[in-house]
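Undergrad: Model the following, please.
(chains A and B)
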Amino acid sequence: MTDVVLQTLNINKRFGAVHAARDICIDLRRGEIHALIGPNGAGKSTLIQQIAGSLSPDTGSIILEGEDVTRDSTVSRARKGLARTFQVSALAMEDTVLQNALLGAMGATGQSFKLFGAALKQSALLTRANDALERVGLLDVARSRTSELSHGQRRQLEIAIALTLKPKLFVMDEPMAGLGTQGSLQLTQFLDTLRTQAPILLVEHDMDAVFALADRISVLVYGQLLATGTVAEIRANESVREAYLGSDS
Amino acid sequence: MNRELIFDVMLMLGLVLVPIWAHFADEPFIITLATRAAIFAIAGVGLNLALGQGGLVSLGHATFFGLGGYAMGILASHAQSYTAITDWPVLIEGTKSMPIIWLVAVLVSGFAALLIGALSLRTTGVYFIMITLAFGQMFYYFAVSWSAYGGDDGLSIYIRNDFPGLNTLDPIQFFLIVFTCLLGVLGFASMLIRSPFGLSLNAARQSPERVETVGINPYHLRLTVFVISGMITGLAGALFADLNRFISPSMFSWQTSGEIMVFIILGGVARRSGPIVGAVVFIALEHFLGGLSDYWHIYLGALLLLIVLFARGGIIGLLLGQGRVHD
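TA: The predicted model follows:
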């Protein structure tokens, strides 16, 4: 079995005159955290959206566990094991925290079209949802309305939903965004333990978190892949320092 | 029991006790009013699933109401004239049996909802409203020109269809049939809202991208609820036709779609008994204000305006506070 879980092959995407992705080739290997960094407007979120299926590349391919999924929908990619978290939380705000987690459990087990029996009384689904909430520390607020959660708790819930899917890989778009120092630190520690379950493609601006977590880093600038390497290699890369990190890094 | 459940039980008790009192007080007209309210409530419960849970603002639900009505009218008119509906490729005859008529009404409405939903649910927002409206008007004008079944004038049915063991011409017995249907539909809708399907549908209304990323297709959820909603509204149409023993193209009109939506907005969108409260209030206004003036819709309009502006949760929201029924 190959070590590569996800691969993008020469991905190109244009929005009019803007070339948001130019021949991007990256891969994600089993057991690793691969961080994607770059200044605002570099095309990180565009790349994530293409990987998750909400945007189609103009040319190029996306390979998930050896299968070409370039033309697959978001739904199909999720069913094949891709779990995504959003930069801006996308949650059912009127529902409880538990109901949001149950949604993931239902999607993963194919029970979302069951018309009979209360969702909150399906023990297999509840176990899966509660386990995920416990892992991210939200079990105490499971019955709270999601709109009442703090920003940090919403980020945790995003991850809990991804956990209920028991995915083959995680694609996380700025999970630390808006978290305080303490929150970032806690999430960093948590993500560190998560890589053994499934590899993580991580888009993040918090460079402390990136340097603490990443096995490899890819740097995007103006839609182009500037460099890929280990933390030490990226820190030492002159063009990366010039384009993004600055001289103090 | 929570407050909403107590309210719902009291409401249903009121809806069944008033006609029973009217039966003993020899006031058959009040029983007919209650029957109308119960039928409209069934249609409202149907639309409330699509509108309240699925967020689908359909202005074409009269299509299913009309199809249910015409299913009853066509079957019953052929039964009354002892003629076959068709004899090729197989002989299909009319019937006076309510359960068979309901089954046909529900299946025809469900099939139409599947076709209309499959096309219209590819759009959202105002486009969805317009497409459902357009489908409704297509059926309306088809019914107007369908002279075999009365065309513009509609079609009178001189019989009341049969229900095994009951005298359906007795107003209270017919009311109890309708009320039982309402209870059944309400129970089914409550179960659906709490089911994994209901939870997914509700999440799809709030955050479709979230639902997609857990591997659930929001389009399939919406199409399913649209079909279920159409089937329930079709049943209401069949009952309405039986109550009036008359069908006409107005059952397909956009005003009928609007009225079904008004029941829900009056009572409370996505509230379990919202359509029932809305239908009862609508019938009461129609009866009492209609007696005072032909232009009673002005007062209905003013009430709607007040509710939309000051009580977004409808009458139930005003009485019991905001919130959704599922927990």
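Undergrad: Smallest gap between chain A and chain B, at which residue?
TA: Closest to chain B within chain A is residue A:107: 3.2 Å, counting by C-beta to the nearest C-beta. In short, each C-beta sits where N, CA and C put it, glycine included.
Undergrad: Assess the claim that that residue and residue B:216 are in contact.
TA: Yes - counting by C-beta atoms under 8 Å, residue A:107 touches residue B:216, with 4.7 Å between them.
Undergrad: okay, now the domains of chain A?
TA: Domains of chain A are assigned by automatic domain parsing as A:1-81+A:167-249, A:94-165.
Undergrad: Any part of the longest one near chain B?
TA: Yes - using C-beta under 8 Å from any C-beta of the partner chain, a contact is recorded between domain A:1-81+A:167-249 and chain B, made by A:52, A:54, A:73-75, A:78-79.
Undergrad: So which of the domains of chain A is nearest residue B:132?
TA: Distance to residue B:132, taken as C-beta to C-beta, is lowest for domain A:94-165 among the domains of chain A, at 23.1 Å.
Undergrad: roughly how far apart are the residue of chain A closest to chain B and residue A:75?
TA: Using C-beta to C-beta, to the nearest Å, residue A:107 is found at 9 Å from residue A:75.
Undergrad: With neighbour numbers in mind, choose between those two.
TA: Under the criterion of other C-beta atoms under 10 Å in any protein chain shown, the comparison of residue A:107 against residue A:75 puts residue A:107 first, with 28 against 20.
Undergrad: rewinding a little: distance check, the residue of chain A closest to chain B against residue A:158.
TA: 14 Å.
Undergrad: quick revisit: and the residues of domain A:1-81+A:167-249 next to chain B, which is the shakiest by pLDDT?
TA: Minimum pLDDT across the residues of domain A:1-81+A:167-249 next to chain B is recorded for residue A:54, with 92.
Undergrad: Tell me who's in contact with the residue of chain A closest to chain B.
TA: Under the criterion of C-beta atoms under 8 Å, 6 or more residues apart in numbering or on different chains, the neighbours of residue A:107 are A:78-79, A:164-165, B:200, B:211, B:214-216.
Undergrad: Show the pLDDT at the closest residue in space to it that isn't next to it in sequence.
TA: Computed as C-beta to C-beta, 6 or more residues apart in numbering or on different chains, the closest residue to residue A:107 that is not its neighbour in sequence is residue B:214, at 3.2 Å. With respect to pLDDT, residue B:214 scores 96.
Undergrad: doesn't residue A:103 make contact with residue B:214?
TA: Yes - counting by C-beta under 8 Å, residue A:103 is a contact partner of residue B:214 at 5.7 Å.
Undergrad: shared neighbours of the two, anything?
TA: residue A:161.
Undergrad: mind showing which ranges of the chain have poor pLDDT?
TA: In the absence of a named chain, chain A is used. Residues of chain A meeting the criterion pLDDT under 70: A:1-2, A:246-249.
Undergrad: um, chain B though
TA: B:1, B:323-327.
Undergrad: And the helices in the chain, which stretches?
TA: Just so you know, I chose chain A. Assigned by DSSP state H, the helices in chain A fall at A:44-52, A:74-79, A:97-109, A:123-136, A:151-164, A:181-194, A:207-213, A:231-236, A:238-240.
Undergrad: that answer is for a different chain, and I need it for chain B
TA: Per DSSP H, chain B carries helices over the ranges B:3-24, B:28-48, B:62-81, B:98-120, B:125-145, B:171-194, B:196-206, B:208-213, B:218-244, B:254-267, B:274-292, B:297-310, B:314-320.
Undergrad: of the residues of domain A:1-81+A:167-249 next to chain B, closest to residue A:67?
TA: Nearest to residue A:67, judged by C-beta to C-beta, of the residues of domain A:1-81+A:167-249 next to chain B is residue A:79 at 12.0 Å.
Undergrad: what number of residues lie near that closest one?
TA: Neighbour tally, residue A:79, other C-beta under 10 Å: 18.
Undergrad: same deal with residue B:167?
TA: Residue B:167: 11 neighbours (other C-beta under 10 Å).
Undergrad: Name the nearest residue to it, sequence neighbours excluded.
TA: Using C-beta to C-beta, 6+ apart, the closest residue to residue B:167 is residue B:173 (5.5 Å).
Undergrad: Could you do residue B:169 as well?
TA: Of all residues not flanking residue B:169 in the chain, residue B:160 sits nearest, at 5.0 Å (C-beta to C-beta, 6+ apart).
Undergrad: ok, now how distant is residue B:70 from residue B:263?
TA: For residue B:70 relative to residue B:263 (C-beta to C-beta), the value is 22 Å.
Undergrad: and what of residue B:100?
TA: For residue B:100, the distance to residue B:263 - C-beta to C-beta - is 28 Å.
Undergrad: quick one on the thing from earlier: common neighbours of residue A:107 and residue A:75, please.
TA: Contacts common to residue A:107 and residue A:75, judged by C-beta under 8 Å, 6+ apart, are B:215-216.
Undergrad: Pick out the residue closest to the middle of the chain.
TA: This is for chain A. Residue closest to the mean C-alpha point of chain A, counted by C-alpha atoms, centre = their mean, is residue A:172 at 1.7 Å.
Undergrad: not quite, I wanted chain B
TA: Chain B, centroid-nearest residue using C-alpha atoms, centre = their mean: residue B:43 at 1.0 Å.
Undergrad: Who are the contact partners of that one?
TA: B:61, B:65, B:232-233, B:236-237, B:240, B:260, B:263, B:275.
Undergrad: That's all I had, so thanks and see you.
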